[in-house]
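In: Just a sequence and a predicted model for now, questions to come.
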Amino acid sequence: MNNIIKNIEDAQMKTEVPVFNVGDTVKVSAKIKEGNRERSQIFEGTVLKMQGTGVRATFTVRKLSNGVGVEKTWPLHSPIVESVTVVRRGKVRRAKLNYLRKRTGKAAKVKELVR
């Protein structure tokens, strides 16, 4: 039984996974289906957390929309997620940035990682 599930999961995995970390500002391009048409919509924000491994890996992105915080959790290997592009790298010392939910304005900024 375990081998059957593993074979199915291996078939669903993407071959090229984008490299990004917690604290990075990313643009997630997702397929949106409206009736019989399909279009691409971009969701840009800061990566709050990454969790899971393999096919079950997910990441959460947070942005401010009209002064209201919006968070979306995306499966990394989902066919709905077309691409993830890194806008800027963030310098953080935590694995999960839950403290950003309480902050607004300049206090909610993440320092940029200069390499």
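Out: Perfect, I can see it now. Numbering: from 1, shown residues only.
In: Just the terminal-to-terminal distance for stretch 88-103.
Out: Start-to-end span of stretch 88-103 (C-alpha to C-alpha, to the nearest Å) is 20 Å.
In: Then stretch 96-111?
Out: Separation of the first and last residues of stretch 96-111 by C-alpha to C-alpha is 15 Å.
In: Next, the buried residues of that stretch.
Out: Leu97, Leu100, Ala108, Val110 (16 or more other C-beta atoms under 10 Å). For every residue, glycine as well, the C-beta is placed using N, CA and C.
In: again, but for stretch 6-18
Out: Applying 16+ other C-beta under 10 Å to stretch 6-18 flags no residue as buried.
In: Same check on stretch 45-56?
Out: Judged by neighbour count using 16+ other C-beta under 10 Å, the buried positions of stretch 45-56 are Gly45, Thr46, Val47, Leu48, Lys49, Val55.
In: Could you list everything the third one pairs with in the sheet?
Out: As for beta bridges, Val47 partners with Val61 under DSSP bridges.
In: How much space separates it from Val114?
Out: 18 Å (C-beta to C-beta, to the nearest Å).
In: quick one on the thing from earlier: identify the farthest-apart pair in the buried residues of stretch 96-111.
Out: Taking C-beta to C-beta as the measure, the buried residues of stretch 96-111 span a maximum distance of 9.6 Å, between Leu97 and Ala108.
In: Quick one: the helices in this protein, in order.
Out: 2-12 (DSSP state H).
In: contact partners of the helix or strand of it with the lowest mean pLDDT?
Out: Least confident helix or strand of the chain, by mean pLDDT, DSSP states H and E, is helix 2-12 with a mean of 87. With contacts defined as C-beta atoms under 8 Å, 6 or more residues apart in numbering, helix 2-12 is touched by Gly54, Val55, His77.
In: Extract the CA atoms of stretch 8-22 and return them as PDB.
Out: Provided in PDB are the C-alpha atoms of stretch 8-22 (Å, rounded to 0.1, in the frame of the first residue of the first chain):
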ATOM      1  CA  ILE A   8       1.200   8.400  -7.200                       C
ATOM      2  CA  GLU A   9       2.900  11.200  -5.200                       C
ATOM      3  CA  ASP A  10       6.100  10.900  -7.300                       C
ATOM      4  CA  ALA A  11       4.100  11.300 -10.500                       C
ATOM      5  CA  GLN A  12       2.500  14.500  -9.100                       C
ATOM      6  CA  MET A  13       5.700  16.300  -8.100                       C
ATOM      7  CA  LYS A  14       7.100  19.100 -10.200                       C
ATOM      8  CA  THR A  15      10.500  18.600 -11.600                       C
ATOM      9  CA  GLU A  16      11.700  22.300 -11.300                       C
ATOM     10  CA  VAL A  17      10.800  23.800  -7.900                       C
ATOM     11  CA  PRO A  18      11.600  27.400  -7.300                       C
ATOM     12  CA  VAL A  19      14.100  28.200  -4.600                       C
ATOM     13  CA  PHE A  20      12.900  30.700  -2.000                       C
ATOM     14  CA  ASN A  21      12.800  30.900   1.800                       C
ATOM     15  CA  VAL A  22      10.800  32.400   4.700                       C
END
